[in-house]
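*Asks:* Can you look at this prediction? I've put the sequence above it.
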Amino acid sequence: MSYFKDKTIWLTGASSGIGEATAKALSSEGCKLIISARRESELQRVKNECAHPEMVTILALDLEKHQQAAQWVAQAWDIFGGIDVLFNNGGIGQLSAALDTQEQVERKIFEINYFGNIALSKALLPKMLKANKGQIVATASIAANFGQANLAAYSASKAALKLYYESLWQELKQTPLKIQVVSPGFIQTQVTLNSLTADGAALGKNSPAQEKGMPTSVFAKKLMKVMAGSKFHSYIGRKELLAVPLHALFPRLFYKLLK
Ligand SMILES: NC(=O)c1ccc[n+]([C@@H]2O[C@H](COP(=O)([O-])OP(=O)(O)OC[C@H]3O[C@@H](n4cnc5c(N)ncnc54)[C@H](OP(=O)(O)O)[C@@H]3O)[C@@H](O)[C@H]2O)c1
């Protein structure tokens with residue numbers, strides 16, 4: 001039997017890209033889904049395009065307003081009477097020189113990518129612990145591994161997220177709960193297009209790396225294998241993943257090639 005059959009899965013960042021493709025793949029497996037993001041109309045489109053729209057519920061939320069996390073979790077929990085998996089994936093990019101980037105933009109990146117993400121987990125984990133089962137998968141990034149020009153706040157937010165979950169994984173090791181982090185490489189989504197620039201305006205164009213990246217449907221299949229497994233951390237991407245060992249072993253060569 002499929003690992004996912006009859007599971008209730010809550011996905012954030014489900015209105016586009018990675019979250020959308022994963023919602024569709026999970027719906028084909030017969031999962032009950034709660035899909036979240038800010039844009040309700042896009043969530044409605046995703047729901048309609050799922051294999052079993054009748055088993056998909058929309059819960060619109062803005063991760064920047066994470067003071068409401070307990071309320072969202074209570075709502076989400078009650079929809080199907082529990083949550084087996086949270087795919088904690090919603091996030092936003094940033095593309096601007098560190099010295100030009102306004103502090104309010106840096107804070108926004110952290111509020112969404114770090115505090116919003118962990119607030120959901122912190123509100124949900126007591127319920128999962130009480131139920132003695134549950135799984136949380138957070139989306140970090142290959143960019144969490146090394147500093148790069150124009151990505152300071154984004155990379156820092158994802159590095160913080162990854163280390164937070166690594167600590168949580170250690171803390172919950174003696175419980176039946178599963179904590180995982182997935183670090184995508186270049187995936188064909190609108191993450192660069194939606195990235196914030198120095199003054200907080202969206203960049204409005206995609207990068208060639210993104211456009212040539214892994215299709216989201218391929219990513220979703222690989223992610224589902226990761227979810228069904230027991231590894232804490234996994235990379236999903238193509239040859240860009242070589243950057244990780246290259247940076248670790250030959251940092252000078254890495255930055256020369258990056259130029
Ligand atoms: N694509 C890549 O190459 C890549 C690489 C590494 C990591 N990632 C990470 O993968 C995750 C998914 O991104 P993606 O690539 O699929 O890009 P995307 O298509 O831009 O999707 C981002 C998702 O996050 C949601 N989101 C953004 N801000 C939010 C907020 N304040 N509150 C709630 N939801 C919010 C968006 O929905 P709304 O706009 O409707 O709120 C959207 O559903 C992100 O965490 C991203 O950092 C992507």
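*Replies:* Structure received.

*Asks:* Check the spacing between the closest residue to the ligand within the stretch 51-200 of the chain and A143 real quick.
*Replies:* Among all residues of the stretch 51-200 of the chain, G91 sits closest to the ligand, at 2.3 Å; criterion: C-beta to the nearest ligand atom. (Glycine included, C-beta is placed from N, CA and C.) According to C-beta to C-beta, to the nearest Å, G91 stands 11 Å off from A143.

*Asks:* Which one's more surrounded, the two?
*Replies:* Taking other C-beta atoms under 10 Å, G91 and A143 do not tie; G91 has more neighbours (27 against 20).

*Asks:* Quick check: closest non-adjacent residue to that one.
*Replies:* Closest residue to G91 apart from its sequence neighbours, by C-beta to C-beta, 6 or more residues apart in numbering: N113 at 4.7 Å.

*Asks:* Touching, that neighbour and N88? I think so.
*Replies:* No: here N113 lies out of contact with N88, judged by C-beta atoms under 8 Å, at a distance of 10.4 Å.

*Asks:* measure A37 to the ligand for me?
*Replies:* Per C-beta to the nearest ligand atom, to the nearest Å, A37 is found 3 Å from the ligand.

*Asks:* Let me see the contact set for that residue.
*Replies:* 12-16, 19, 43, 60-61, 90 (C-beta atoms under 8 Å, 6 or more residues apart in numbering).

*Asks:* can you redo these as CSV with secondary structure?
*Replies:* Below are these laid out as CSV (DSSP: H, G, I helix; E, B strand; the rest coil):
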residue, secondary structure
T12, strand
G13, coil
A14, coil
S15, coil
S16, coil
G19, helix
L43, helix
A60, coil
L61, coil
G90, coil
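
*Asks:* any chance of the residues you listed in a markdown table, plus neighbour count and pLDDT?
*Replies:* A markdown table is the format used below for the contacts of A37 (neighbours: other C-beta atoms under 10 Å; pLDDT from 0 to 100):
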| residue | neighbour count | pLDDT |
| --- | --- | --- |
| T12 | 25 | 99 |
| G13 | 27 | 98 |
| A14 | 31 | 99 |
| S15 | 24 | 98 |
| S16 | 20 | 98 |
| G19 | 26 | 99 |
| L43 | 24 | 98 |
| A60 | 16 | 98 |
| L61 | 21 | 98 |
| G90 | 24 | 98 |
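
*Asks:* Please consider this matter closed, and thank you.
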